[in-house]
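# Kindly generate the corresponding structure for this input.
(chains A, B, C and D)
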2 protein chains.
Amino acid sequence: MDAAPQRAGRLSRAERERHILQEAISFFAERGFSGQTRELAKRIGVTQPLLYRYFPTKADLIERVYEEVYLSRWDPGWRDLITDRSINLRDRLIRFYTLYTEAIFTRDWMRIYMFSGLHGQPINERYIAHVEEHLLAPIVAEMRAEKRLPDTDVLPMQPLELEIAWNAQSGIFYYGIRRYVYGIDVKTPLAEIIETNVAVMLEGAGAVARRLIDETVDETAAD
Amino acid sequence: MDAAPQRAGRLSRAERERHILQEAISFFAERGFSGQTRELAKRIGVTQPLLYRYFPTKADLIERVYEEVYLSRWDPGWRDLITDRSINLRDRLIRFYTLYTEAIFTRDWMRIYMFSGLHGQPINERYIAHVEEHLLAPIVAEMRAEKRLPDTDVLPMQPLELEIAWNAQSGIFYYGIRRYVYGIDVKTPLAEIIETNVAVMLEGAGAVARRLIDETVDETAAD
DNA sequence: ATGCTAAGTTATCAACTGATAAATAAGGAG
DNA sequence: CTCCTTATTTATCAGTTGATAACTTAGCAT
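Numbers count the residues shown, from 1 in each chain, chains lettered A, B, ... in the order given. Alright, predicted model coming up:
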């Protein structure tokens, strides 16, 4: 037997909108953006036309889902933490990546992120630019300071240096993809992954970065 | 004006099937698996019902797309290359990742891979297990040999060691995601990414691995 | 209590979409 | 050249899907 078609409780406009948006995030994260409005409505416990009393079109609802997911979870404090030289770099990076992954390592966030990336949403590209500017570039600068290399004012950040930061970022992020997007049961706990990636970044990438800078200086001197 | 509705040339059953499958790969890679059969047919230049003369259902066609993408691009020689100790490890890994990325770094492959992962396709999970067994585990073993650490027969591969290999793999793979899935114009050429990742893996992960093994041996001795 | 505002539902449309059946035509075999 | 096999098309169905309009009802204000 089906459950008796029950009338949804009456909520204030703001409450209902919030409720719909929240459910829409986990719904589209699961089904992708081709998920159907009727199924979403059923999950929320309201009728399908009600959605259109709050969002003019499905595309508008999806747009709001993007905003909610991307904007509401970003913490400006991350950047301050990365550049806080009262803490040693290793601890800073471990602490930052712990906080960062606490914010984005959820099934909803990771899957919405991948779906929006696949759909070529501009917001995705903007997010990546934001990550480069506010997280990776500062990390590169801190790494230079740690290794007593020239400031980025003196010697601009090299593309390859950014890629080295991307390397660590990728190692951690792809762990999240395997776990939350692919749904694989990765045995190693996240804390160890972060520690390892930070260690590898400091030991390996530090050396590579130094070499890179030396080479660049040589080339400049040779001109 | 629309082009005159032209009749498709008559092909042999095998040729047409191959043609449909090839187009289906790039079509579904672009649109995702919710892409419509009519649009696919239009792109191929045949009528939509013709697809059903070759594939019983849309789901069957998608299944064939998976097989084609995942199975046809795997080269058993990769493993032989990784374990070929007549070449030094650094060159071996660079050569391997060059070949591997030549095989999978296409818009079609990367996007089909992500879509199938998001849809929880078992083939995706199987592929990852295959990568771990035939690529990453051998890399870990070679790294141990390089660093003159105990063989995996003596001391089994630690989960964290596998994760260190995943780290390098992720750095390279995520470059592909950024480029071919997100469509970002990454400035640094792939060759440099591979060189850097391999260098980082050998310098950083080598040290971390050694430490890990030492700790494990200590713990074993302490028991 | 009465009535008005706004939240929610019912009914329904038009376009879409996977799939099937019957009709058509290309091209090799004899 | 004719026939026959089969690749391809035309026509169409039934279920789906985003969206709209009209109707109903909850609950606060007076």
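# in the host helix or strand of A:Thr196, what's buried?
Using DSSP states H and E, A:Thr196 sits in helix A:190-200. By 16 or more other Cβ atoms under 10 Å in any protein chain shown, the buried positions in helix A:190-200 come out as A:Leu190, A:Ile193, A:Ile194, A:Glu195, A:Thr196, A:Asn197, A:Val198, A:Ala199, A:Val200. Where you see a C-beta, it was placed from the backbone N, CA and C, and this is true even at glycine.
# Distance check, the fifth one against DNA strand C.
Okay, so that is A:Thr196. Distance, A:Thr196 to DNA strand C, by Cβ to the nearest atom of the strand, to the nearest Å: 44 Å.
# Could you pull up phi and psi at A:Ile184?
The phi/psi pair for A:Ile184 (degrees, to the nearest 10) reads phi -80, psi 140.
# got the residues of chain A near DNA strand C?
Residues of chain A found near DNA strand C (Cβ under 7 Å from any atom of the strand) are A:5, A:7-13, A:16, A:46-50, A:53.
# picking that back up, point out the least confident one among the buried residues of helix A:190-200.
Ranked by pLDDT, the buried residues of helix A:190-200 bottom out at A:Val200, which scores 77.
# secondary structure element for the closest residue to A:Ser34 other than its chain neighbours?
Distances taken as Cβ to Cβ, 6 or more residues apart in numbering or on different chains put B:Ser34 closest to A:Ser34, at 3.9 Å, once the chain neighbours are dropped. For B:Ser34, there is no enclosing helix or strand under DSSP H and E.
# B:Ser34 touches A:Gly32, doesn't it?
Yes: if you go by Cβ atoms under 8 Å, B:Ser34 and A:Gly32 touch, sitting 7.1 Å apart.
# With neighbour numbers in mind, choose between these two.
Between B:Ser34 and A:Gly32, counted using other Cβ atoms under 10 Å in any protein chain shown, the more crowded position is A:Gly32 (20 against 14).
# tell me the pLDDT at the more buried one?
The model's pLDDT for A:Gly32 equals 97.
# again, but for A:Ala205
According to the per-residue confidence, A:Ala205 scores 62 in pLDDT.
# Could I get the buried residue list for the strand or helix carrying A:Ala14?
Assigned by DSSP H and E, A:Ala14 belongs to helix A:13-31. For helix A:13-31, the neighbour count (16+ other Cβ under 10 Å) marks A:Arg16, A:His19, A:Ile20, A:Leu21, A:Glu23, A:Ala24, A:Ile25, A:Ser26, A:Phe27, A:Phe28, A:Ala29, A:Arg31 as buried.
# ditto for stretch A:94-102
Neighbour-count burial for stretch A:94-102 [16+ other Cβ under 10 Å]: A:Ile94, A:Arg95, A:Phe96, A:Tyr97, A:Tyr100, A:Thr101.
# check contacts around A:Glu17.
Applying Cβ atoms under 8 Å, 6 or more residues apart in numbering or on different chains to A:Glu17 gives the contacts A:Tyr54.
# And it, how close does it get to DNA strand D?
As judged by Cβ to the nearest atom of the strand, A:Glu17 and DNA strand D stand 16 Å apart.
# Contacts for stretch A:121-141, please.
Stretch A:121-141 has contacts (Cβ under 8 Å, 6+ apart) with A:66-67, A:70, A:74, A:78-79, A:82-83, A:93, A:96, A:100, A:113, A:116-117, A:151-152, A:157, A:161-162, A:164-166, A:168-169, A:209, B:178, B:182-184.
# and if you look at stretch A:29-47?
The contact list for stretch A:29-47 (Cβ under 8 Å, 6+ apart) reads A:6, A:8, A:16, A:19-20, A:23-24, A:27-28, A:48, A:50-51, A:58, A:62, A:107-109, A:111-112, A:115, A:119, B:32, B:34, B:118-119.
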